[in-house]
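Novice: Sequence and computational prediction follow.
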Amino acid sequence: MKTCAFGNVLFTRDDVPEEPIYLLTKAFWDNLSEVQKDLSFKITKKEYALIMTGVPLHPGAQRYFKEVGILK
């Protein structure tokens, strides 16, 4: 059996304030079990969110990932 994976990225403008992006990122990842109820969404680790090339993280997302210890 072969599988294929595609990444999903949520983009925002860089002038969006930090707090709403932090809260959105936190709500998504802190409720991953709910998100996984969608049969097409199979991500299992927060670390996988940081595997993207050429896309800078918004300061709000950076704050969340630093808070949970997967970004220095």
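Specialist: Alright, I've got the coordinates.
Novice: Centroid-nearest residue for the protein?
Specialist: Ala49 (4.6 Å; CA atoms, centre = their mean).
Novice: any idea how far Leu10 lies from Ala49?
Specialist: Separation of Leu10 from Ala49 (CB to CB, to the nearest Å): 10 Å. Every residue, glycine included, has its C-beta placed from N, CA and C.
Novice: which sections of the chain are below the confidence cut-off?
Specialist: Where the chain drops to pLDDT under 70, the residues are 1-8, 39, 41-42, 44, 52-53.
Novice: what comes up buried for the biggest helix by length in it?
Specialist: Secondary structure assigned by DSSP state H gives helix 18-30 as the longest helix of the chain. Using 16 or more other CB atoms under 10 Å as the test for burial, helix 18-30 gives 21-22, 24-26, 28-29.
Novice: Just list the residues touching the residue nearest to the centre of the chain, thanks.
Specialist: By CB atoms under 8 Å, 6 or more residues apart in numbering, the contact list for Ala49 reads 29, 43, 65.
Novice: Among the residues you listed, pick out the one closest to Asp14, please.
Specialist: Phe65 (16.8 Å; CB to CB).
Novice: In which helix or strand does that closest one reside?
Specialist: Assessed by DSSP states H and E, Phe65 sits inside helix 59-67.
Novice: for that helix, which positions count as buried?
Specialist: 60-65.
Novice: same question, stretch 49-60
Specialist: Judged by neighbour count using 16+ other CB under 10 Å, the buried positions of stretch 49-60 are 49, 57-58, 60.
Novice: Identify the residues contacting the helix holding Phe65?
Specialist: 16-26, 29, 46, 49-50, 57, 71-72.
Novice: Am I right that Leu71 is in contact with Thr25?
Specialist: No: counting by CB atoms under 8 Å, Leu71 does not reach Thr25; the two are 11.2 Å apart.
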